[in-house]
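# what follows is a predicted structure for the sequence shown.
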Amino acid sequence: MEIVKKTSPHLRRPNARVVRMMRDVTIALMPLVVFAIINHGLNAVFILLAAVLSMVLTEYVYYQIQDLKAGNGFTFKNKHCTIYNFSVITSGLIYGLTLPDQTPITVVIIGGVVGVFLAKLIFGGMGQNIFNIAAFARVFVVLSFGAAVGYSQFVDANAGATALGILNRNIVDANVTNSYALMTMFTGIGLPGSLGETSAMLILVGGIYLLLRRSFDVVVPLTYIGTVFVLSCAVMISQGIGFWYPMTHLLSGGLIFGAVFMATDPITSPVTRPGRIYFAFGIGVITFFIRLFGNLPEGVVFAILIMNMFVPAIDYAKWSHQKFNLRRLSIFSVVIALTILITIVGVNYAG
């Protein structure tokens, strides 16, 4: 058996390459980039450029300094930079697409610099980071600059679709569909919010492209979205409200965007298929609980970062496994049932 010494991400197909996978993600993001520019004009162009360039240049300068400290001479094409395999470009695009169109450029740049440095470079570079880089940068911007420029505009839901803001105040307020029709939330046309999170339709187009190219594990977004759907259906049934409720949760905020482009990150997600299911399930539960019980109407990026911390434990050799058996499936089913029960009890208790 050959021992693989290279760092992650590892792909099962022998002819697959990291550059191919990252390039596919970048291509899948292009419809959202075009849509953002059409919807938000030059603001979108400047924010996306600032997001990508801040991450690319930070990484480039960092590796040049590292090479100089190691006694190597300056070379314009630094072999350590991940711009050549599209990795840092992809992170920058995803980060930029999660931001509202009124985000100050200075804030975008600071978030990009801090995000790529603290979430990637200090861990050793590509394949060593435990946190999703774009999610880390997004959360840094929310927590560091929310008060200075208006906290609410940096919260996912208010940035993605204020429908979740309405539900956060009153979960049985059916008037949310009067303000934001389901079809509007699906297409994203005329919907205010983050640059790339508003059009569920275009996000799904990108997801289908990645699926056809076999550039991500579709089980992760399906489990994540399915978890939120099941929990919201449990609330719908217990509260006697309409099917609009789970559909609003699915189509609002950054749920589908995070499920397709962030939770599927091969570096910061578990190695095994069961591990990815546990990981995605955990993200779904945390996301929905933040939406339901938290002060913030959204929690996608927070949930992703929280579950990123548990990936080493999920991958721990003593209890990780490649397949489900009857015992593991039974335990997981009990966990799902208990989660649904806790959700229903919590909603009734919270009123």
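Nice, thanks for sending it over.
# just the pLDDT for residue 5.
For residue 5, the model assigns a pLDDT of 45.
# what's the answer for residue 246, then?
91.
# could you find the closest non-adjacent residue to it?
residue 232 (3.8 Å; C-beta to C-beta, 6 or more residues apart in numbering). (Glycine included, C-beta is placed from N, CA and C.)
# please name the residues that touch that neighbour.
245, 246, 249, 250, 288 (C-beta atoms under 8 Å, 6 or more residues apart in numbering).
# which one of those has the most neighbours?
residue 249 (26 neighbours; other C-beta atoms under 10 Å).
# quick check, that one in contact with residue 290.
No. Using C-beta atoms under 8 Å, residue 249 makes no contact with residue 290, being 11.8 Å away.
# max-length helix in this structure?
Ordering each helix of the chain by length in residues (DSSP state H) puts helix 42-69 first.
# what is it packed up against?
Counting contacts by 3 or more C-beta pairs under 8 Å, 6 or more residues apart in numbering; DSSP states H and E, helix 42-69 packs against helix 18-40, helix 87-97, helix 105-119, helix 133-149.
# compare those and give me the one nearest residue 51.
helix 87-97 (3.1 Å; C-beta to C-beta).
# what's the closest non-adjacent residue to residue 213?
residue 24 (4.8 Å).
# so who does that neighbour touch?
Neighbours of residue 24 in contact, by C-beta under 8 Å, 6+ apart: 209, 210, 213, 215.
# which of these count as buried?
209, 210, 215 (16 or more other C-beta atoms under 10 Å).
# those in helices, which ones?
209, 210.
# adding distance to residue 84, write the buried ones among the contacts of residue 24 out as CSV.
Formatted as CSV, the buried ones among the contacts of residue 24 follow (distance: C-beta to C-beta, whole Å):
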residue, distance to residue 84
209, 22
210, 21
215, 18
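# where's the dip in pLDDT among the buried ones among the contacts of residue 24?
residue 215 (87).
# please report how far that residue lies from residue 335.
Look at residue 215 and residue 335: by C-beta to C-beta, to the nearest Å, they are 30 Å apart.
# got it, and residue 327?
13 Å.
# so those two - more neighbours on which side?
residue 335 (13 against 8).
# quick one: which helix or strand includes that one?
In the assignment (DSSP states H and E), residue 335 maps to helix 326-350.
# buried ones in that helix?
339, 340, 343, 344, 347.
# for residue 303, state which of these is nearest.
Of all these, residue 339 has the smallest distance to residue 303: 13.8 Å, by C-beta to C-beta.
# residues contacting the closest one?
So residue 339 contacts 231, 285 (C-beta under 8 Å, 6+ apart).
# redo that, cut-off 6 Å
Contact partners of residue 339, counting by C-beta atoms under 6 Å, 6 or more residues apart in numbering, are residue 285.
# try residue 270
With C-beta under 6 Å, 6+ apart, residue 270 has these contacts: 276, 279, 311, 314, 315.
# among those, which ones are in helices?
Reading helices off the contacts of residue 270 with DSSP H, I get 276, 279, 311, 314.
# any chance of these in TSV, plus distance to residue 227 and neighbour count?
As requested, these are exported to TSV (distance: C-beta to C-beta, whole Å; neighbours: other C-beta atoms under 10 Å):
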residue	distance to residue 227	neighbour count
276	13	22
279	11	25
311	17	21
314	16	20
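# spatially, which two of those residues are the most separated?
Of all pairs in the ones in helices among the contacts of residue 270, the most separated under C-beta to C-beta is 276 and 311 at 9.7 Å.
# low-confidence ranges in the stretch 1-150 of the chain?
1-17, 147-150 (pLDDT under 70).
# again, only using 80
1-18, 70-80, 82-84, 146-150 (pLDDT under 80).
# neighbouring contacts of stretch 187-203?
Residues contacting stretch 187-203 (C-beta under 6 Å, 6+ apart): 31-32, 35-36, 44, 97-98, 100, 159-161, 184, 186, 251, 254, 256-257, 260.
# roughly how far apart are the residue nearest to residue 114 when sequence neighbours are not counted and residue 112?
Nearest non-adjacent residue to residue 114, counting by C-beta to C-beta, 6+ apart: residue 140, 5.3 Å away. Here residue 140 is placed at a distance of 10 Å from residue 112 (C-beta to C-beta).
# who has more neighbours out of these two?
Shown here are residue 140 and residue 112; by other C-beta under 10 Å, residue 112 has more neighbours (29 against 20).
# that one: what's it in contact with?
51, 54, 55, 137.
# now do the phi/psi pair for residue 121.
Taking degrees, to the nearest 10, you get phi -70, psi -40 for the backbone angles of residue 121.
# for the closest residue in space to it that isn't next to it in sequence, grab the count of nearby residues.
Nearest non-adjacent residue to residue 121, counting by C-beta to C-beta, 6+ apart: residue 62, 5.2 Å away. Neighbourhood size, residue 62 [other C-beta under 10 Å]: 20.
# same check, this time on the one 5 residues further on
Around residue 67 sit 16 other residues, with neighbours defined as other C-beta under 10 Å.
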